[in-house]
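Student: Please find the sequence and the predicted model below.
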Amino acid sequence: MDPNLRVLGDGANLLVDDDGVAELVVALEAPVFRTVEPTGERRGGAVIVRAGAGANLPKLINETVRLGLAGLEGLGGIPASVGGALVMNAGGAFGQIADAVARVHALDRDAREVTLERTDIGFGYRCSGLGGLLLTACDFALRPSDPGPLRTRLLEVMEYKKRTQPLAEHSAGCCFKNPTLDSAIEGVGSSGDRVSAGLLIDRAGCKGLSVGSARVSERHANFFVPDRDGCARDLIALMELVERRVFEAFGVRLEREVVVWRRGTA
Ligand SMILES: Cc1cc2nc3c(=O)[nH]c(=O)nc-3n(C[C@H](O)[C@H](O)[C@H](O)COP(=O)(O)OP(=O)(O)OC[C@H]3O[C@@H](n4cnc5c(N)ncnc54)[C@H](O)[C@@H]3O)c2cc1C
């Protein structure tokens, strides 16, 4: 992708610095990037559905559940465009988007069209290796299923999210990735375990901590929320403070899940 370009999805995982960015920002809003339709192709027992990268993920999930196609319902309640969800490999306790991907369509940095099969994509925990491309569409492989139980499952997933996360407050979702421990921490986990970043932040005494207009949510310590007229500077300072406190308390370096756009950074 052209280095003078940035791609905006739904902005749900994004914190833009108060000074903005120098590059041109592209949003895939044209109808061609928002359509969702079965391609007519079948792979094994699965139906292939193509979704534009600008399509809204919750709408795609509703539509596929309505059609009785299983595979995306575990992502209920995650705000995202299809492109943003792929780049971040969005997911949680009930699965990740990578599990439903057949192939991804994109433009490379010379604006050439490329198609990547799932096996060629480096999907991992909240990462994909797709960041250097401009994603244009994705083919999902979804299993025909009874729409009734699928809808029930989707509602359960959304209910769980509402119960456990402060969805009504402005945030960019989880601020940090859940780290894998190098050594055991009593009451948290053993060496090699992936543990909750929120738990570490809480145990480091940071729940409710604030810097200027930004504070760590009282409800879920991995959600950082700004006041109504808050600024990015305070959120960034709060992230740095929490990173320091968790490192001092447990020797764990938290890795940011939130993407921060600042002048002079990629
Ligand atoms: C209340 C709340 C709850 C959340 N819960 C979850 C959760 O449970 N699980 C989870 O994984 N995430 C969660 N998130 C974070 C967020 O929803 C996901 O990371 C989502 O995938 C972001 O998608 P987006 O379209 O908003 O991407 P953006 O935030 O707009 O962008 C994220 C990155 O993707 C890049 N990008 C976007 N579109 C394209 C494209 N077409 N081509 C190339 N690059 C692109 C951007 O440049 C940026 O680097 C939550 C966020 C909120 C606010």
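Tutor: Received it, and whenever you're ready, just let me know what you need.
Student: can you tell me how far the most centrally placed residue in the chain sits from the ligand?
Tutor: Centroid-nearest residue in the chain, with CA atoms, centre = their mean: residue 90, separated by 3.8 Å. In this view, residue 90 and the ligand are 4 Å apart by CB to the nearest ligand atom, to the nearest Å. The C-beta positions use only the backbone N, C-alpha and C, and glycine is treated the same way.
Student: Next: residue 176.
Tutor: 12 Å.
Student: Give the full set of residues in contact with that residue.
Tutor: Going by CB atoms under 8 Å, 6 or more residues apart in numbering, residue 176 touches 197, 201, 222, 239, 242-243, 254-258.
Student: Show me what the single longest strand found in the chain is packed up against.
Tutor: Identified as the longest strand of the chain according to DSSP state E is strand 134-144. Here strand 134-144 touches strand 5-8, strand 36-43, strand 46-52, strand 69-70, helix 82-88, strand 101-107, going by 3 or more CB pairs under 8 Å, 6 or more residues apart in numbering; DSSP states H and E.
Student: before we move on, back to that, are any of the contacts of residue 176 buried, and which?
Tutor: Among those, those classed as buried by 16 or more other CB atoms under 10 Å are 197, 201, 222, 239, 242-243, 254, 256-258.
Student: As TSV, those with secondary structure and distance to residue 54 would be great.
Tutor: As requested, these are exported to TSV (DSSP: H, G, I helix; E, B strand; the rest coil; distance: CB to CB, whole Å):
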residue	secondary structure	distance to residue 54
197	helix	30
201	helix	33
222	coil	28
239	helix	28
242	helix	33
243	helix	33
254	coil	31
256	strand	25
257	coil	22
258	coil	21
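Student: Out of the residues you listed, the closest to residue 140 would be?
Tutor: Distance to residue 140 across the buried ones among the contacts of residue 176 (CB to CB) is lowest for residue 257, with 23.0 Å.
Student: Within reach of the ligand, which of the contacts of residue 176 are there?
Tutor: Among the contacts of residue 176, no residue is within reach of the ligand (CB under 6 Å from any ligand atom).
Student: quick one on the thing from earlier: which residues sit against the longest strand of the chain?
Tutor: The contact list for strand 134-144 (CB under 8 Å, 6+ apart) reads 1, 5, 7, 26, 28, 33, 39, 41, 43-53, 64, 68-72, 82-83, 86-87, 100-107, 113.
Student: How about the secondary structure of residue 150?
Tutor: helix (DSSP: H, G, I helix; E, B strand; the rest coil).
Student: Quick one: residues contacting it.
Tutor: Counted by CB under 8 Å, 6+ apart, residue 150 has contacts 65, 68, 70, 73.
Student: which residue packs closest to it, ignoring adjacent ones?
Tutor: In space, and not counting its chain neighbours, residue 150 is closest to residue 65: 4.8 Å by CB to CB, 6 or more residues apart in numbering.
Student: What parts of the stretch 151-266 of the chain come near the ligand?
Tutor: Residues of the stretch 151-266 of the chain lying near the ligand (CB under 6 Å from any ligand atom): 167, 171-173, 259.
Student: try it again with 5 Å
Tutor: Residues of the stretch 151-266 of the chain found near the ligand (CB under 5 Å from any ligand atom) are 167, 173, 259.
Student: With respect to the ligand, which of the residues you listed is nearest?
Tutor: The ligand lies nearest to residue 173 out of those, by CB to the nearest ligand atom, at 2.4 Å.
Student: wouldn't the closest one be in contact with residue 225 here?
Tutor: No - the pair residue 173 and residue 225 does not pass the contact test of CB atoms under 8 Å, sitting 11.0 Å apart.
Student: more crowded one of these two?
Tutor: residue 225 (23 against 20; other CB atoms under 10 Å).
Student: Give the full set of residues in contact with that one.
Tutor: 166, 169-171, 214-215, 217.
Student: per-residue pLDDT, residue 187?
Tutor: If you check residue 187, the pLDDT there is 89.
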